[in-house]
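K.L.:
Pasting the sequence and the predicted model now:
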Amino acid sequence: MPLKKIEQNVLKEYHTWKVENMSEIFAKVNPDEDQFPNYPVNETHYFSTEFQGHAVDWYVTLNFCEDQLQGGFMIDFDAIKKLEPKNHVTCNFYLIDADKNKFFLGRKNRKFYESPKSYFPTVHTSCLPYPELPNTIDKLLPNDTMTLYIELITYLDGDPIFPDENMISTYYPDPSLSDDFSELYKVQDDRDVMIYVQGVAFPVHKRVLRARCPKLYEMVDYHQQISDGNDNPVALTGIEPEIFKRVLEFMYTRNVEDLDDHAVGLLEAASKYELIRLKNLCEESLASYYCTFENSEEIKSLAAKCGAEQLFWTTDCLQQKHAEKKKNCFLFNNTVYKELSLLQSGLSLHH
């Protein structure tokens, strides 16, 4: 049975925060102050949303503990005042690079319950360092500016299914992305390779394959060599036409508009054709829109098959949390049962 995307009644709002003069911010950090400094430098951004006639003011604070981006930072996020009405909220944080690529940093769920003790007021997400950042700092901080993209999701349903809070990083630098093929995606006339998938023809520029998908390029190039100049079509198996169409969209434009609706097939294709960036985007999508405890075993098997380590780890964490919750519930119920039994025994002896 195919995995079903989680469909929920939500309101999504987006906000962009540009943090300028990052070099000056880093210069204020004193990494030698302590071995684990208490985040001495921070920047705060305020924004407002409107929901059911109520204005809600939010803040996002970046706390820097290192004098360079790869040192990582912490994000604090919360409403400035108590929310009315009390709706569950998820906030996703992304970093936007110079080429407008969006890299997922992390998320936090803000939950409201009837009991005030069950309300989690301030939430944090740690942005872990990426080993690739030293070589891409100009791309990530163009004009000495960090661009943070904030996606705020308000759940209109009373008891929503929250996406997992464990971070799946989606930053994988690719030297080939310096070439922009988005305009070529609109051009059909000069495509010099014809690829067939289940009888459906897909004309492609060979130079795009060479730059963006070496694995597929090698397959096409080998086929042309053994064809001795004959114009035999290249036929691919093990992939659906609708999925391959979106694989080409990604190779040309670095993006797939409806990726979330085809994340399973695209993850399998990304694994097969060694498209690391696409694979990582699919992992993040599956963790956000498909992963529940009920289908976690199926997703875990998919992740193992595709070598999707982060998705496997996220699903495993979900299962462990569920097992721990079930264990705690069992212990609580067992304690209550024993106390009730003792109480009943005492009442019986009294009578």
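P.N.:
Looks like it arrived, so ask away. Numbers count the residues shown, from 1 in each chain.
K.L.:
Quick check: Val234 touching Tyr196?
P.N.:
Yes - using Cβ atoms under 8 Å, Val234 is in contact with Tyr196, at 6.8 Å. Yep, even glycine has a C-beta here, placed from its N, CA and C like the rest.
K.L.:
ok, those two, which is more surrounded?
P.N.:
Val234 (19 against 14; other Cβ atoms under 10 Å).
K.L.:
What's opposite that one in the beta bridge?
P.N.:
Beta-bridge pairing for Val234 (DSSP bridges): Ile195.
K.L.:
Counting neighbours, what do you get for Lys215?
P.N.:
A count of nearby residues for Lys215, using other Cβ under 10 Å, gives 11.
K.L.:
which residues does it contact?
P.N.:
Lys215 makes contact with 272-274, according to Cβ atoms under 8 Å, 6 or more residues apart in numbering.
K.L.:
and these, which are buried?
P.N.:
272-273 (16 or more other Cβ atoms under 10 Å).
K.L.:
Mutual contacts of Val234 and Tyr196, please.
P.N.:
Counting by Cβ under 8 Å, 6+ apart, nothing touches both Val234 and Tyr196.
K.L.:
For Tyr94, name its beta-bridge partners.
P.N.:
Beta-bridge pairing for Tyr94 (DSSP bridges): Phe104, Tyr149.
K.L.:
give the contact list for it.
P.N.:
102-105, 148-151.
K.L.:
any idea how far Leu148 is from it?
P.N.:
Using Cβ to Cβ, to the nearest Å, one gets 7 Å for the distance from Tyr94 to Leu148.
K.L.:
Just give the closest residue to Ala27, not the sequence neighbours.
P.N.:
Excluding the flanking residues, the one nearest Ala27 by Cβ to Cβ, 6 or more residues apart in numbering is Asp67, at 7.0 Å.
K.L.:
give me the number of residues near the one you found?
P.N.:
16.
K.L.:
Let me know the pLDDT of it.
P.N.:
Asp67 carries a pLDDT value of 73.
K.L.:
Please apply the same query to Lys272.
P.N.:
On the pLDDT scale, Lys272 is placed at 95.
K.L.:
what sits against it?
P.N.:
By Cβ under 8 Å, 6+ apart, the neighbours of Lys272 are 215, 238-239.
K.L.:
related to what we said a few turns ago, so which of the contacts of Lys215 comes closest to Asn30?
P.N.:
Of all the contacts of Lys215, Asn30 sits closest to Glu274, with 42.8 Å by Cβ to Cβ.
K.L.:
name the element the residue nearest to the closest one when sequence neighbours are not counted belongs to?
P.N.:
Of all residues not flanking Glu274 in the chain, Lys215 sits nearest, at 4.5 Å (Cβ to Cβ, 6+ apart). Assigned by DSSP states H and E, Lys215 falls within helix 214-226.
K.L.:
model confidence over that helix, on average?
P.N.:
Computed over helix 214-226, the average pLDDT equals 87.
K.L.:
List the buried residues in it.
P.N.:
For helix 214-226, a neighbour-count test (16+ other Cβ under 10 Å) marks 216-217, 219-220, 224 as buried.
K.L.:
With stretch 261-272 instead?
P.N.:
Buried-residue list, stretch 261-272, by 16+ other Cβ under 10 Å: 262-272.
K.L.:
And Asn87, how close does it get to Thr154?
P.N.:
Distance, Asn87 to Thr154, using Cβ to Cβ: 5 Å.
K.L.:
what do these two both touch?
P.N.:
With Cβ under 8 Å, 6+ apart, Asn87 and Thr154 have common neighbours Phe51.
K.L.:
where does Thr44 land in three-state SS?
P.N.:
strand (DSSP: H, G, I helix; E, B strand; the rest coil).
K.L.:
you'd agree Phe47 is up against Leu148?
P.N.:
No - Phe47 is not in contact with Leu148 according to Cβ under 8 Å; the separation is 11.1 Å.
K.L.:
Who has more neighbours out of those two?
P.N.:
Leu148 (20 against 15).
K.L.:
I'd say that one and Val19 touch.
P.N.:
Yes - the criterion here is Cβ under 8 Å, and Leu148 meets it with Val19 at 6.7 Å.
K.L.:
residues shared between the contacts of the two?
P.N.:
Common neighbours of Leu148 and Val19, using Cβ under 8 Å, 6+ apart, are 45, 62.
K.L.:
Pick out the residue nearest the middle of this structure.
P.N.:
Geometric centre of the chain, nearest residue: Glu284, 3.4 Å, by Cα atoms, centre = their mean.
K.L.:
wait, isn't that residue in contact with Phe103?
P.N.:
No - at 9.8 Å, Glu284 and Phe103 do not qualify as touching, with contact defined as Cβ under 8 Å.
K.L.:
Would you tell me what the next helix or strand after the lowest-mean-pLDDT helix or strand in the chain is?
P.N.:
Sorting the helices and strands of the chain by mean pLDDT, DSSP states H and E puts strand 123-127 at the bottom, at a mean of 56. Using DSSP H and E, the helix or strand that follows strand 123-127 towards the C-terminus is helix 137-140.
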